[in-house]
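> My questions are about this predicted structure, shown below with the sequence.
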Amino acid sequence: MHKLNSYIVKLTIFSLVLGMFASVRPSFAQAVGGLNAIEDITNNQTVSSLSDHNIKFQSMAGVASGQTIVITFPATFDGSGGDPQGILDVTDVDMTEDTTTDPQCEDAGSEASEGLVASGASASQWNTVFSGQLQRVLTFTSGGASAIIAANSDVCIQIGETANGVSNDFGVVSSNSQYKNPTSLANYEVQITAGTSSTGDFALAITENSNVVVSANIDATISFDIDTGTAQNSNNNGPHTIALGTLSSGTLTTSNQSTINSIFLDLDTNASGGATLTVRGLNGGLRSALANNTLLAPAGGEATIAAGTETFGLCLESVTQGTPSANLVKDPKYDPTDNGAVCTFDNGGGTQRVGDIMLGGGPIISAPAGIQGGRAEILVKAAISVVTKAGNDYSETLTFIATGKF
């Protein structure tokens with residue numbers, strides 16, 4: 001349920017806490033024994049924290065059928081019980097080969113995904129097994145002639161939640177487990193062997209905290225302004241007046257961009273539920289105390305207005321808004337186009353219709369979400385009949401209220 005805040009708004013402060021987690025690229029290893037440009041992009045290098053590992057290297061000699069790729073983490077990296085999701089296994093690993101060297105490690109373009117299984121690899125698959133103390137050794141064993149790495153190819157290995165997982169007889173098994181970082185601050189060396197003779201290593205820096213938390217508050221805001229004038233860009237601080245002059249039974253009097261003002265409403269708010277603008281009348285119509293008479297739209301809220309028929313009301317000529325923003329929405333009672341009628345300055349172009357002014361008030365425009373640069377132009381229209389009682393004190397006081405839904 002939205003909480004309503006009116007024209008005079010008491011601001012409620014919301015807090016938006018953004019957790020900003022640094023992905024840190026460790027130092028690159030030099031080409032050693034046939035492995036080049038080794039790197040491991042992790043998403044957390046804080047002590048005792050869970051982290052993904054996105055390992056990439058170039059295999060200068062390649063990996064032949066039946067050979068292995070072995071990644072050995074230091075003994076203090078925990079893949080056996082550090083993650084509540086469970087022990088690391090084949091479902092937590094992806095491997096791709098890219099015969100075109102590039103800086104990215106992703107399963108797209110020239111990269112080909114390698115088929116990984118826990119055991120019983122076919123000629124196009126790799127047996128993928130974690131072993132050793134705390135599952136710190138990851139071994140890929142080629143199952144045959146189609147499970148190879150070509151010379152000079154890039155090899156990308158993802159371990160943890162960034163991996164896509166593998167399929168089994170029941171569908172896709174999603175990856176979920178990660179390595180847990182060591183409990184001590186230090187540089188840790190990870191070793192890689194690819195094929196029979198290609199080896200390399202890289203260093204991982206584990207720090208006391210690799211995360212920076214950024215926080216901010218955003219105040220609830222609503223801005224509402226009323227202007228009167230004959231031009232769309234009218235901007236004044238009041239007093240706001242509409243002088244209709246002397247009414248005649250032969251003429252429909254209206255805001256006309258010349259001698260009779262329009263009403264302009266401006267609205268801005270960051271309320272998630274948007275806002276509603278309502279209007280109410282002091283008298284419920286254009287009233288003369290001397291004549292004891294009130295000009296108003298007939299019961300029902302909306303009525304046709306024409307010269308010679310006693311009627312008074314408002315209609316919406318236009319609504320606009322900025323970008324980005326929700327749209328201002330006209331209330332149907334004040335939007336004559338809903339009934340095939342019009343709201344024009346010169347009373348031409350078709351049947352004119354207006355909405356009445358209620359003593360208790362009612363909506364005239366609204367927005368379903370936050371809005372900026374909202375502006376509505378309202379025309380005031382009045383007509384009398386030959387027998388409308390005379391009076392020099394006909395008047396109405398309109399009150400507009402802006403309510404935000406925060």
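All right, it came through fine.

> mind checking which helix or strand of this protein has the lowest mean pLDDT?
Ranking every helix and strand in the chain by mean pLDDT, DSSP states H and E puts strand 13-21 at the bottom, with a mean of 28.

> Output the contacting helices and strands for the helix or strand following that strand.
Downstream of strand 13-21, the next assigned helix or strand under DSSP states H and E is strand 35-42. With contacts defined as 3 or more C-beta pairs under 8 Å, 6 or more residues apart in numbering; DSSP states H and E, the packing partners of strand 35-42 are strand 53-59, strand 186-194, strand 198-206. C-beta coordinates here come from the backbone N, C-alpha and C atoms, glycine included.

> And the average pLDDT for strand 35-42 is what?
For strand 35-42, mean pLDDT is 94.

> Also stretch 127-135?
The model assigns stretch 127-135 a mean pLDDT of 96.

> Which residues belonging to it are considered buried?
127, 128, 129, 130, 134, 135 (16 or more other C-beta atoms under 10 Å).

> Turn these into TSV, including secondary structure.
Listed next are the buried residues of stretch 127-135 as TSV, based on DSSP: H, G, I helix; E, B strand; the rest coil:
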residue	secondary structure
127	strand
128	strand
129	strand
130	strand
134	helix
135	helix
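
> quick revisit: which one of the helices and strands packed on strand 35-42 is the most hemmed in?
strand 53-59 (a mean of 22; mean count of other C-beta atoms under 10 Å).

> Which elements pack onto it?
Looks like strand 53-59 contacts strand 35-42, strand 153-159, strand 186-194 (3+ C-beta pairs under 8 Å, 6+ apart).

> Tell me which other helices or strands the second one touches.
Contact analysis of strand 153-159 by 3+ C-beta pairs under 8 Å, 6+ apart lists strand 53-59, strand 68-72, strand 93-98 as its packing neighbours.

> and if you look at the last one?
Strand 186-194 sits against strand 35-42, strand 53-59, strand 68-72, strand 198-206, with contacts defined as 3+ C-beta pairs under 8 Å, 6+ apart.

> Would you mind putting those strands into CSV with distance to residue 382 alongside?
Converted to CSV, these look like this (distance: least, C-beta to C-beta, whole Å):
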stretch, distance to residue 382
strand 35-42, 72
strand 53-59, 73
strand 68-72, 84
strand 198-206, 78
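
> if we can go back for a sec, would you list the helices and strands packed on strand 53-59 in TSV and tack on distance to residue 83?
Shown next, in TSV, are the helices and strands packed on strand 53-59 (distance: least, C-beta to C-beta, whole Å):
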stretch	distance to residue 83
strand 35-42	14
strand 153-159	11
strand 186-194	18
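
> Figure out which of those is closest to residue 260.
strand 35-42 (68.3 Å; C-beta to C-beta).

> Tell me the helix or strand right after the helix or strand where residue 266 lies.
Element membership for residue 266, per DSSP H and E: strand 262-269. Sequence-wise, the next helix or strand downstream of strand 262-269 (DSSP H and E) is strand 275-281.
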